[in-house]
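**Student:** Just need the structure, nothing else, for what follows:
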Amino acid sequence: MSNWFVIAKGADFQKFAEEFQISPILARIIRNREILTEEDYRKYLYGTRKDFYDPFLMKNMQEAVGLLQQTIEKHQKIRVIGDYDADGICSCYILYHGLRSLGADVDTEIPHRMKDGYGLNERLITEAKEAGIDLIITCDNGIAAKEQIELAGTLGIRTIITDHHEVPFEIGEDGKKKQILPCADAVIDPKQDGCRYPFKGICGAVVAWKFLQAAGAAEEVLNECLEPAAFATVCDVMELREENRILVKEGLKEMRHTKNVGLKALMDVCDISPEKLDVYHIGFILGPCMNATGRLESAKMALQLWQCEKREEAVILAAELKGLNDSRKEMTEFGVTEAIRIIEEGKTENGKQGREDKVLVLYLPECHESIAGIVAGRIRERYGRPVFVLTKSEDTVKGSGRSIEAYDMYAAISECKELFIKYGGHRMAAGLSLPEENVSLFRQYLNEHCQLREADFESKVLIDVPLPLSQMTEQLIGELKLLEPFGMGNSKPVFAQKDICVRRAFLLGKNKNVIRFQAMDEGGKFMEMVYFGDTAELKEFLIRRFGSKGDDIFYKETEGVQFSATYYPLIQEYRGKRTLQIVMTNYC
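**Tutor:** You can find the predicted model right below:
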């Protein structure tokens with residue numbers, strides 16, 4: 001079920017429209033994205049790199065830069081240790097490339113998802129000691145590695161943590177949260193207490209980029225590293241607002257003319273024209289190829305692609321990444337199918353499981369542990385509930401969770417941390433490992449202590465502007481480009497109209513997964529409306545609501561049926577002809 005709401009945030013839309021030479025409709029849409037003042041509007045519409053925040057606002061940045069400079073001056077060895085996802089890979093590349101430009105003796109290491117698990121471990125620390133490393137710099141990890149950082153200290157290795165994840169905490173006797181920070185020589189994480197950095201929603205790669213900026217890297221190097229920073233921001237699903245939105249906008253400009261041989265090769269094998277690159281391509285095509293290496297092989301392959309200097313080598317690597325991602329897709333479909341079966345049948349090897357659970361904990365022993373998070377995300381979308389997918393590892397059970405807006409997943413698992421061997425994450429996602437005998441206890445605890453209500457499971461459709469189809473103009477559609485890039489936290493505008501008249505419908509595509517409607521506006525003008533969602537479900541809705549009329553429109557032109565829809569407009573160009581197309585996103 002979904003509830004539709006019109007966003008009604010107040011402002012003098014005419015004033016903002018006149019000030020920035022935009023339509024009142026666009027001014028209203030921008031206000032709906034929590035943009036309040038004239039300065040906010042200016043940064044949203046025309047923000048540049050000059051609007052980036054000072055990296056020295058981050059707590060401990062000065063100390064970290066001083067330690068780095070001292071290490072470089074003494075020609076001591078530095079090792080960058082990242083994570084195996086796209087954010088960690090990009091962070092690693094940023095620090096490796098940037099620190100080398102500053103004259104550092106630096107190498108990189110990324111843990112293996114299957115053999116090492118997430119973040120620092122004792123093997124990585126002891127191997128660093130054996131290699132004569134003087135300074136370890138973490139990126140996109142480290143904030144939860146208290147014991148590993150202590151080990152590094154006892155071995156005489158200094159450490160700088162650069163991370164963006166939530167800081168582990170404990171509840172004191174006074175009932176307040178107390179952060180538990182590793183005893184590193186410097187900790188840079190905007191989420192730590194006392195950090196004055198104004199925007200906390202940056203990814204690990206951006207924290208690394210800021211560190212590089214503070215360390216005095218040349219402008220050319222910072223421009224080159226802006227590309228992976230923007231790439232990681234999209235892949236790690238950071239909100240595209242404030243500084244993130246400007247950074248991704250600027251990063252896309254760089255990537256469309258990239259000199260990075262590896263990135264160009266990946267775009268080529270994925271059949272993406274660089275000049276047309278947008279957030280969608282990064283989030284759903286290129287990013288998954290990068291992530292697939294860390295899931296099925298070694299993330300070092302993706303790091304190697306970023307570092308490639310020869311076209312021939314880059315093309316081979318890029319093709320391997322794409323092949324791995326294709327395999328990952330097949331494995332994901334298997335995992336999703338198995339998860340749905342368990343939920344629908346209402347039982348697992350470790351007890352009952354069904355739709356009645358507010359938090360779904362699914363144990364899939366045969367599912368590849370690297371895709372547990374992806375499967376969890378797909379199940380969350382289908383059932384509208386927080387989901388944990390657990391898989392069988394060599395000697396333990398590992399899992400990933402994906403949450404809904406009303407459920408703080410990290411806080412929930414922190415309350416039963418005694419059940420886990422290891423855990424971490426944030427409000428919307430988490431990872432953990434636990435003994436197999438604790439699986440049922442874990443599910444039981446989460447559901448017994450869950451405060452979610454039925455209303456929390458109902459999806460909300462937020463409408464920016466109720467606007468009849470007849471009032472949608474090419475000029476307004478052109479204006480909408482000022483709102484790009486779209487993504488988490490800056491979604492495409494949602495328009496809506498009640499009682500759209502549909503006279504004819506056509507099922508399209510090899511799998512009949514697209515419906516093209518012949519819709520009519522209030523003035524009797526016909527226009528094309530398309531739907532890319534669950535076509536079978538939509539057809540059932542039409543028949544359920546309109547009886548035989550709802551079925552007839554798929555076979556012949558009729559007098560029409562009327563239903564309400566949310567939509568987004570596009571201009572389609574074909575052989576020099578421009579036509580308005582309406583993309584329907586929801587219906588009722």
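**Student:** And the strands in the stretch 51-200 of the chain, which stretches?
**Tutor:** Here the stretch 51-200 of the chain has its strands, by DSSP state E, counting those that start in this stretch, at 77-81, 105-109, 135-139, 158-162, 169-171, 177-179, 186-188.
**Student:** Which stretch among those strands approaches residue 506 most closely?
**Tutor:** The closest of the strands of the stretch 51-200 of the chain to residue 506 is strand 135-139. By C-beta to C-beta, the value is 50.1 Å. No exception for glycine: its C-beta is placed from N, CA and C like everyone else's.
**Student:** Which among the strands of the stretch 51-200 of the chain is found nearest to residue 284?
**Tutor:** Judged by C-beta to C-beta, the one of the strands of the stretch 51-200 of the chain that comes nearest to residue 284 is strand 135-139, at 24.3 Å.
**Student:** The closest one vs strand 158-162, what angle?
**Tutor:** Per axes from the mean of the first three to the mean of the last three C-alpha atoms, to 10 degrees, the angle that strand 135-139 makes with strand 158-162 is 10 degrees.
**Student:** And for residue 321, nearest residue in space, chain neighbours not counted?
**Tutor:** residue 289 (4.3 Å; C-beta to C-beta, 6 or more residues apart in numbering).
**Student:** Just the residues contacting the helix or strand encompassing the one you found, thanks.
**Tutor:** Element membership for residue 289, per DSSP states H and E: helix 287-296. Helix 287-296 has contacts (C-beta atoms under 8 Å, 6 or more residues apart in numbering) with 83-86, 88-90, 110, 113, 231, 234-235, 266, 270, 299-302, 305, 318, 321-322, 324-325, 327-328, 368, 370-371.
**Student:** how about low-confidence regions in this structure?
**Tutor:** By pLDDT under 70, the weakly predicted segments of the chain are 1, 114, 117, 347-355.
**Student:** now for the longest helix along it, which elements pack on it?
**Tutor:** Longest helix in the chain, counting residues (DSSP state H): helix 311-345. For helix 311-345, the packing partners by 3 or more C-beta pairs under 8 Å, 6 or more residues apart in numbering; DSSP states H and E come out as helix 261-269, helix 287-296, helix 300-307, strand 360-363, helix 372-383.
**Student:** follow-up on the earlier one: which of the contacts of helix 287-296 are buried?
**Tutor:** Listed as buried from the contacts of helix 287-296 are 83-86, 88-90, 110, 113, 231, 234-235, 266, 270, 299-302, 305, 318, 321-322, 324-325, 328, 368, 370-371; burial here means 16 or more other C-beta atoms under 10 Å.
**Student:** Can you show me the helices along the stretch 51-200 of the chain?
**Tutor:** 61-73, 86-101, 122-130, 146-154 (DSSP state H, counting those that start in this stretch).
**Student:** now the stretch 401-550 of the chain
**Tutor:** Ranges of helices within the stretch 401-550 of the chain are 409-414, 439-448, 474-479, 535-546, 548-552, based on DSSP H, counting those that start in this stretch.
**Student:** Take these and lay them out in a markdown table including mean neighbour count and distance to residue 461.
**Tutor:** Converted to a markdown table, the helices of the stretch 401-550 of the chain look like this (neighbours: other C-beta atoms under 10 Å; distance: least, C-beta to C-beta, whole Å):
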| stretch | mean neighbour count | distance to residue 461 |
| --- | --- | --- |
| helix 409-414 | 20 | 23 |
| helix 439-448 | 18 | 28 |
| helix 474-479 | 13 | 21 |
| helix 535-546 | 15 | 15 |
| helix 548-552 | 15 | 21 |
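**Student:** Would you format these as JSON lines with distance to residue 500 included?
**Tutor:** Below are the helices of the stretch 401-550 of the chain laid out as JSON lines (distance: least, C-beta to C-beta, whole Å):
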{"stretch": "helix 409-414", "distance to residue 500": "38"}
{"stretch": "helix 439-448", "distance to residue 500": "41"}
{"stretch": "helix 474-479", "distance to residue 500": "18"}
{"stretch": "helix 535-546", "distance to residue 500": "12"}
{"stretch": "helix 548-552", "distance to residue 500": "14"}
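**Student:** of all the ones you listed, which lies closest to residue 58?
**Tutor:** Taking C-beta to C-beta, helix 409-414 is the member of the helices of the stretch 401-550 of the chain nearest to residue 58, at 21.7 Å.
**Student:** and the closest one, how far from the chain's centre?
**Tutor:** Centroid separation between helix 409-414 and its chain, computed with C-alpha atoms, centre = their mean, to the nearest Å, is 19 Å.
**Student:** who touches stretch 552-562?
**Tutor:** For stretch 552-562, the surrounding residues in contact (C-beta under 8 Å, 6+ apart) are 499-507, 518, 520, 539, 542, 545-546, 549-550.
**Student:** now do stretch 521-536
**Tutor:** Stretch 521-536 is contacted from outside by 468-470, 500, 502-503, 507, 512-520, 538, 565, 567, 579-585, 587, using C-beta under 8 Å, 6+ apart.
**Student:** Quick check on those: which are buried?
**Tutor:** Using 16+ other C-beta under 10 Å, the buried members of these are 469, 500, 502-503, 515-520, 538, 565, 567, 580-585, 587.
**Student:** so what's the spatially closest residue to residue 368 that is not a sequence neighbour up against?
**Tutor:** Distances taken as C-beta to C-beta, 6+ apart put residue 331 closest to residue 368, at 5.4 Å, once the chain neighbours are dropped. By C-beta under 8 Å, 6+ apart, the contact list for residue 331 reads 367, 368, 371.
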